[in-house]
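Peer 1: Below are the sequence and a predicted model for it; my questions follow.
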Amino acid sequence: MGQIITAYNTLVDDFCFHHSLTNVKPGRTDGSPPYSHRQFEILYLMQGKIKYLIEGEEYLVNKGDVIFVPPHEIHSLETIGDGAYERIVVMFDLDKLYEILSVGGLVLDREIFSNVHGFRVIPRDLLEDTEIKNIMFQIAHGKDEKMLPLFALAKILDLIRELEKIFTKSSMGGFPMSVDPIVKKAVEYVSKNIESPLSLDQIANALFISKSTLCHKFVSSMNISVNRYVTIKKIYHSAKLIKEGMGAMDAAIAVGYNQYTTFYHNYKKILGVPPSGKAK
C-alpha cells in the first residue's frame, strides 16, 4: 500500500518527481511491473532498505543512499526488512533539458552523463560533501505551484552539477552485490545485436544454454521475460533512430520487424504514442 506525499508530472513527462511512502510485505514490490523510461531517474531512500534489480544486476540500497538509473534500463525493486520504504524520486529528460537551456541561451556540458552507465548506488557517506539530498527534498516540496516547473528545472540543474562532483571522482561507489552471469551475457548480447531479429533460440544458442535455463534465469533476475525485454529494447532503439531522422517504416525494419503493424502496436503500447509521436 502506497502513500503519495507530494508528486508532480509535466504533460509530456519531460521531468517529474514524487515523494512517497510504501508498505508492502518484505521481499515484495509494490505490485508494479519492471520499469523502463527515457528519463534519467534518481532515487533518494529516506527510510527502509531495498534491493534494486537493474539489467541483471542486484544493488543494495540503504537508508540515506541515492540510486541512479540511466534511460532505457529495465529495473525493479524488492523490499528488505519490514517492507516499508520512503523515497523521493526525480526523473528528467536530458535531451529536453538541453533544448530548454539552448532556447534561454544557457549551455550545459553534454558530456556530464556520457560515462555514467554502470554507475548505480551513491552511498550516504559519499553524499555528505554534496547538496544532493537537500536539492531533492526542495524539488519535491516546492511551495509555489504556479512557479513549480521553473523552480524544479532550476533545482534539477543544481542536482546535475552536484552529481557531476560524484561522477568525476576517481573512485565511484555502486558495485552490485550480485550479478547473474547468464543474464548479464544475455543483456549484452541483446544490446550488441539489437538490429537483428533476436529470437529466444538465437539468444540461447549464442550463450550455449537451453531456452528453459535462459527463461528461468532471466525472469528470476529481471522480473521480466526474455521476449518482453527484447521487445522493449527494440522499441526504445527504434525511437532513437526516428528521433535522429529515420522514417518509422525504416526504423521498424532496422530493428528486425517484418510486419509494420506489429511494430506500430508495440511502439504505441510501450511508449504511449504512435511512431511519429513523442515518446514518453
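Peer 2: Structure's in. What do you need?
Peer 1: Can you name the element that comes right after the longest helix along the chain?
Peer 2: Of all the elements of type helix in the chain, the one with the most residues (DSSP state H) is helix 148-167. Sequence-wise, the next helix or strand downstream of helix 148-167 (DSSP states H and E) is strand 178-179.
Peer 1: quick one: the strands in this structure?
Peer 2: If DSSP state E is used as the criterion, the strands of the chain fall at 2-9, 15-23, 40-47, 49-54, 57-61, 66-69, 75-80, 84-92, 121-122, 178-179.
Peer 1: returning to what we had before: which parts of the longest helix of the chain count as buried, going by neighbours?
Peer 2: Residues 151-153, 155-160, 162-163, 166-167 are the ones in helix 148-167 that count as buried (16 or more other CB atoms under 10 Å). Using the backbone N, CA and C atoms, a C-beta is placed for each residue, glycine as well.
Peer 1: a markdown table please, covering the strands of the chain and showing mean neighbour count, distance to residue 139 and mean pLDDT.
Peer 2: Formatted as a markdown table, the entries for the strands of the chain read as follows, by neighbours: other CB atoms under 10 Å; distance: least, CB to CB, whole Å; pLDDT from 0 to 100:
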| stretch | mean neighbour count | distance to residue 139 | mean pLDDT |
| --- | --- | --- | --- |
| strand 2-9 | 12 | 9 | 72 |
| strand 15-23 | 19 | 5 | 86 |
| strand 40-47 | 21 | 10 | 92 |
| strand 49-54 | 21 | 21 | 89 |
| strand 57-61 | 20 | 19 | 89 |
| strand 66-69 | 23 | 13 | 89 |
| strand 75-80 | 20 | 21 | 86 |
| strand 84-92 | 22 | 6 | 90 |
| strand 121-122 | 24 | 16 | 86 |
| strand 178-179 | 13 | 32 | 79 |
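Peer 1: a markdown table for those strands, including distance to residue 210?
Peer 2: Written out in a markdown table, the entries for the strands of the chain read as follows (distance: least, CB to CB, whole Å):
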| stretch | distance to residue 210 |
| --- | --- |
| strand 2-9 | 39 |
| strand 15-23 | 37 |
| strand 40-47 | 34 |
| strand 49-54 | 23 |
| strand 57-61 | 23 |
| strand 66-69 | 31 |
| strand 75-80 | 25 |
| strand 84-92 | 36 |
| strand 121-122 | 33 |
| strand 178-179 | 21 |
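Peer 1: one step back: average pLDDT across the longest helix of the chain?
Peer 2: Taken as a whole, helix 148-167 has an average pLDDT of 79.
Peer 1: With stretch 192-204 instead?
Peer 2: Mean pLDDT, taken over the full extent of stretch 192-204, equals 92.
Peer 1: Now it: buried residues?
Peer 2: Neighbour counts using 16+ other CB under 10 Å place 194, 198, 203-204 of stretch 192-204 among the buried residues.
Peer 1: gap between the two ends of that stretch?
Peer 2: 15 Å (CA to CA, to the nearest Å).
Peer 1: what's in contact with it?
Peer 2: Around stretch 192-204, the neighbours that count as contacts under CB atoms under 8 Å, 6 or more residues apart in numbering are 186, 189-190, 210-211, 213-215, 226-227, 230, 233-234, 237, 254-256.
Peer 1: redo that, cut-off 6 Å
Peer 2: Residues from elsewhere that reach stretch 192-204, judged by CB atoms under 6 Å, 6 or more residues apart in numbering: 186, 189, 211, 214, 226, 230, 237, 254-256.
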